[in-house]
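**Q** please work out how this folds:
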Amino acid sequence: MINPSIAVLYRYDSVESQTRLLADTLFLIKDYEAALSTYRLIRDDFKSDKALLHYGSVQEMMALCIYHIDTYGRAKEIFS
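**A** Reported below is the predicted structural model:
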């Protein structure tokens, strides 16, 4: 049973959720440059709101985008 007292931080119709959906869609169609720039847009919003789960998942997707763009040249940036 779902607890009604738990508030949802980012509903499906929020700007952050829609931007994340756009970034995920760009990743799926293999436009990694555009996906990376879109993930960077929402990363700061999640960080400032202290939504650490969302922030961590965006960081992970950014690392995957960087990996697909340039596997060996940007390895240092991926691990940072």
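**Q** for Lys50, grab phi and psi.
**A** Torsion angles at Lys50 (phi, psi; degrees, to the nearest 10) stand at phi 60, psi 30.
**Q** low-confidence ranges in the chain?
**A** Scanning the chain for pLDDT under 70 picks out 1-8, 71-80.
**Q** swap the cut-off to 90 and go again
**A** For the chain, applying pLDDT under 90 flags the ranges 1-16, 48-51, 63, 66-80.
**Q** how about the helix or strand harbouring Met61: buried residues?
**A** Met61 is part of helix 52-69, with elements assigned from DSSP states H and E. Neighbour-count burial for helix 52-69 flags 54-55, 58, 61-66 (criterion: 16 or more other CB atoms under 10 Å). No exception for glycine: its C-beta is placed from N, CA and C like everyone else's.
**Q** wait, which of these is closest to Asp13?
**A** Of all the buried residues of helix 52-69, His54 has the smallest distance to Asp13: 15.7 Å, by CB to CB.
**Q** and that closest one, what is it in contact with?
**A** 9-10, 16, 20, 46 (CB atoms under 8 Å, 6 or more residues apart in numbering).
**Q** relative to Asp13, how far out is Ala34?
**A** Per CB to CB, to the nearest Å, Ala34 is found 22 Å from Asp13.
**Q** wait, I meant Glu60
**A** 24 Å.
**Q** need the helices for this structure, in chain order.
**A** Taking DSSP state H as the criterion, the chain carries its helices at 15-28, 32-48, 52-69, 75-79.
**Q** what angle do the helix holding Met61 and helix 15-28 make?
**A** Orientation note: helix 52-69 sits at an angle of 30 degrees relative to helix 15-28 (axes from the mean of the first three to the mean of the last three CA atoms, to 10 degrees).
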